[in-house]
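Trainee: Whatever this is, show me its structure:
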Amino acid sequence: MAARIDLLVTSGTFALDGGQWDVDNNVWIVGDDSEAVVIDAAHDASAIEAALGGRRLRAIICTHAHNDHIDAAPALAEATGAPILLHPDDLPLWKQTHPDRLPDQELADHQMLEIAGTPFQVLHTPGHSPGAVCLYAPALNAVFSGDTLFRGGPGATGRSFSHFPTIIDSIRDRLLTLPPAVAVHTGHGDSTTIAAESGHLGEWIARGH
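Mentor: Sure thing, here's the model as predicted:
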């Protein structure tokens, strides 16, 4: 059976630089009837495990290490035996949330992952954080963008470990070069497409998010 994309929305708190904000996070579950991966284990390990419906969890893939995207990852890993994958450039952020539990495996630019016969390519897209990645699945006509690209613009860069010119470079060079019809499944809010966002780069630069 071909891989499918399921969405679970969980709610919790994003905390960084001394501030806290209530947030809703998109947890993407990709797989078939027997196995799956979770992209960003946010807030509620029990809800994510329930959404798996008994499928084997092959990996917990972190698009980046802000606490709202990783806070449930160790508990989900403990419950399922799945490894946690993170780009090493985000380890300083990871350790702010989980100082006593490191990720299990490193993600690398151009790395290929596979679930349910479906390949994913890891795209290193720094800017929102140093180790931010997106996951491109050509067979699903989809890219999972974390907080690098949203419907209507780039992810926030006003806090520590972030850099606006870098996120613009990442979006221009790594995401807007994908086919226009590719769906962009984001870390928060509604999905979009490469085509819908590709004409607005100049506006974003002018706004200077």
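Trainee: need the helices for this protein, in chain order.
Mentor: According to DSSP state H, the chain carries its helices in the segments 45-52, 67-70, 73-80, 91-97, 164-170, 194-198, 201-207.
Trainee: Against which helices or strands is the shortest one packed?
Mentor: Judged by 3 or more Cβ pairs under 8 Å, 6 or more residues apart in numbering; DSSP states H and E, the packing partners of helix 67-70 are strand 4-16, strand 19-31, helix 91-97. For every residue, glycine as well, the C-beta is placed using N, CA and C.
Trainee: Can I get these in CSV including mean neighbour count?
Mentor: Formatted as CSV, those follow (neighbours: other Cβ atoms under 10 Å):
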stretch, mean neighbour count
strand 4-16, 16
strand 19-31, 17
helix 91-97, 18
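Trainee: Contact partners for Pro119?
Mentor: Met112, Leu113, Ala137, Pro138, Ala139 (Cβ atoms under 8 Å, 6 or more residues apart in numbering).
Trainee: Give me the buried subset of those residues.
Mentor: Using 16 or more other Cβ atoms under 10 Å as the burial test, those include Leu113, Ala137 as buried.
Trainee: Closest to Ser11 out of the contacts of Pro119?
Mentor: Within these, distances to Ser11 taken as Cβ to Cβ reach their minimum at Ala137, with 26.2 Å.
Trainee: about what we covered before: want to try JSON lines for the helices and strands packed on helix 67-70, with distance to Gly202 and mean pLDDT as columns?
Mentor: JSON lines is the format used below for the helices and strands packed on helix 67-70 (distance: least, Cβ to Cβ, whole Å; pLDDT from 0 to 100):
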{"stretch": "strand 4-16", "distance to Gly202": "29", "mean pLDDT": "98"}
{"stretch": "strand 19-31", "distance to Gly202": "27", "mean pLDDT": "98"}
{"stretch": "helix 91-97", "distance to Gly202": "30", "mean pLDDT": "98"}
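Trainee: Select, out of the ones you listed, the one closest to Phe120.
Mentor: Closest approach to Phe120 among the helices and strands packed on helix 67-70 (Cβ to Cβ): strand 19-31, 8.0 Å.
Trainee: and the closest one, which strands flank it?
Mentor: strand 4-16 (antiparallel), strand 35-39 (antiparallel) (DSSP bridges).
Trainee: Turn the ones you listed into a markdown table, including distance to Gly199.
Mentor: Shown next, in a markdown table, are these (distance: least, Cβ to Cβ, whole Å):
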| stretch | distance to Gly199 |
| --- | --- |
| strand 4-16 | 25 |
| strand 35-39 | 27 |
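Trainee: Ok, which of those strands comes nearest Arg172?
Mentor: Nearest of those to Arg172, taken as Cβ to Cβ: strand 35-39 at 22.8 Å.
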